[in-house]
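Visitor: Build me a structure from this.
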Amino acid sequence: MDEREKLRKFRELDDAFAEALRELEKPNPKLDIPTGPPVRSLAELEAEEQQQAFERRLKSLMNEYAQPRESVAVLLRTLQSLGRIA
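Guide: Numbers count the residues shown, from 1 in each chain. Prediction:
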């Protein structure tokens, strides 16, 4: 990112911050402060990362052993029904 782009982004952020402060200073303000997406906990992020790692490893093994999705799905359902996996 070049310096002009950094400066432009900084100005946008500064303007948004100034606008938010003006909104807070108004008497009886209608708070119209935008919020971002909900924050996820570290545990959720780690679980998602583990799930993605599992899926990558499973796909790799499926390719390595030339196993179609259907066969792997049947195997996973069987293991699940036997209580071997959650």
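
Visitor: For the chain, which segments count as helices?
Guide: For the chain, applying DSSP state H gives helices covering 3-25, 42-64, 69-81.

Visitor: can you redo those as a markdown table with distance to Gly36, mean pLDDT and mean neighbour count?
Guide: All C-beta atoms are positioned from the backbone trio N, CA, C, and that covers glycine. Output for those, formatted as a markdown table (distance: least, C-beta to C-beta, whole Å; pLDDT from 0 to 100; neighbours: other C-beta atoms under 10 Å):
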| stretch | distance to Gly36 | mean pLDDT | mean neighbour count |
| --- | --- | --- | --- |
| helix 3-25 | 12 | 85 | 10 |
| helix 42-64 | 15 | 91 | 10 |
| helix 69-81 | 36 | 90 | 11 |
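
Visitor: Distance to Thr35 added to those, as TSV?
Guide: Output for those, formatted as TSV (distance: least, C-beta to C-beta, whole Å):
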stretch	distance to Thr35
helix 3-25	11
helix 42-64	18
helix 69-81	38
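
Visitor: how much space between the residue nearest the centre of the chain and Val39?
Guide: Most central in the chain under C-alpha atoms, centre = their mean is Leu45, positioned 7.4 Å from the mean C-alpha point. Counting by C-beta to C-beta, to the nearest Å, the separation of Leu45 from Val39 is 10 Å.

Visitor: Same check on Ala66?
Guide: 42 Å.

Visitor: Then Arg4?
Guide: Applying C-beta to C-beta, the value for Arg4 to Val39 is 32 Å.

Visitor: With Pro68 instead?
Guide: Applying C-beta to C-beta, the value for Pro68 to Val39 is 39 Å.

Visitor: Need the distance between the two termini of stretch 63-75.
Guide: Length of stretch 63-75, first residue to last, C-alpha to C-alpha, to the nearest Å: 16 Å.

Visitor: Need the residues that contact that stretch.
Guide: For stretch 63-75, contacts defined as C-beta atoms under 8 Å, 6 or more residues apart in numbering pick out Leu58, Leu61, Met62.

Visitor: mind redoing it with 6 Å?
Guide: Met62 (C-beta atoms under 6 Å, 6 or more residues apart in numbering).
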